[in-house]
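[1] Just a sequence and a predicted model for now, questions to come.
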Amino acid sequence: MTAAQERTLALDVQVLGHAYKVACKERERVALLEAVAMLNERMEAIQSGNKSISVERIAVIAALNLANELLQTRIERDDARKDAASTPEDILSVQRRLRELHLSIDKVLAEPEKIL
């Protein structure tokens, strides 16, 4: 990693019309700006449904919604990993079936006159 990528930046960002100065590493800049855009979009959507709601409440609702989505994504990822992970019995069963197929192929190849 280069020194430039490790350099800390102070970014000026806008969220729901409010200015914030946020520190981040140079290599994290693009991701942070995408996160700001996503948060701003969510907060604007919440605000559009109720103009009298405070910015603090909008921020909390947006944070809870994003945290819930993150947790759901983690659960789905973990479930997918569990589904992809084979048990030792599954592996043994596949290995046994492969050996049977290998023996069948060897048997057929040993008698070329029967192939045609």
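    Good, I have the coordinates. Just so we're clear, the structure is a prediction, and the values are computed from it rather than from any experiment.
[2] Gln95 versus the residue positioned nearest the centre of the chain, what's the distance?
    Residue closest to the mean C-alpha point of the chain, counted by Cα atoms, centre = their mean, is Thr73 at 6.7 Å. Thr73 sits 34 Å away from Gln95, taking Cβ to Cβ, to the nearest Å as the criterion. Glycine gets a C-beta too; all of them are placed from N, C-alpha and C.
[3] Least confident secondary structure element in this protein?
    Lowest on mean pLDDT, DSSP states H and E among the helices and strands of the chain sits helix 3-6, with a mean of 74.
[4] Beyond that one, next helix or strand please.
    With elements assigned by DSSP states H and E, the helix or strand that comes after helix 3-6 is strand 8-15.
[5] Give me the angle between the helix or strand following that next one and strand 8-15.
    Sequence-wise, the next helix or strand downstream of strand 8-15 (DSSP H and E) is strand 18-25. Going by axes from the mean of the first three to the mean of the last three Cα atoms, to 10 degrees, strand 18-25 is angled at 150 degrees with respect to strand 8-15.
[6] Work out for me the element Lys51 sits within.
    Lys51 belongs to no helix or strand, assigned by DSSP H and E.
[7] Tell me the spacing between it and Glu44.
    11 Å.
[8] ok, those two, which is more surrounded?
    Using other Cβ atoms under 10 Å, the more surrounded residue of Lys51 and Glu44 is Glu44, with 14 against 6.
[9] For the more buried one, which residues are in contact?
    Counting by Cβ atoms under 8 Å, 6 or more residues apart in numbering, Glu44 makes contact with Leu16.
[10] Distance from stretch 26-40 to the middle of the chain?
    Its chain's average C-alpha position is 16 Å from that of stretch 26-40, according to Cα atoms, centre = their mean, to the nearest Å.
[11] Tell me which residues of it come out buried.
    Neighbour-count burial for stretch 26-40 flags Leu32, Val36, Leu39, Asn40 (criterion: 16 or more other Cβ atoms under 10 Å).
[12] Please export the C-alpha coordinates of that stretch as PDB.
    Taking C-alpha atoms only, stretch 26-40 is exported to PDB below (Å, rounded to 0.1, in the frame of the first residue of the first chain):
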ATOM      1  CA  GLU A  26      -7.400   8.100   0.700                       C
ATOM      2  CA  ARG A  27      -8.200   4.500  -0.400                       C
ATOM      3  CA  GLU A  28     -11.600   4.700   1.400                       C
ATOM      4  CA  ARG A  29     -12.600   8.000  -0.200                       C
ATOM      5  CA  VAL A  30     -14.800   6.600  -3.000                       C
ATOM      6  CA  ALA A  31     -16.600   4.100  -0.700                       C
ATOM      7  CA  LEU A  32     -17.300   6.900   1.800                       C
ATOM      8  CA  LEU A  33     -18.700   9.200  -0.800                       C
ATOM      9  CA  GLU A  34     -21.000   6.300  -2.000                       C
ATOM     10  CA  ALA A  35     -22.100   5.700   1.600                       C
ATOM     11  CA  VAL A  36     -22.900   9.400   2.000                       C
ATOM     12  CA  ALA A  37     -24.900   9.400  -1.200                       C
ATOM     13  CA  MET A  38     -26.800   6.300   0.000                       C
ATOM     14  CA  LEU A  39     -27.500   7.700   3.400                       C
ATOM     15  CA  ASN A  40     -28.600  11.000   2.000                       C
END
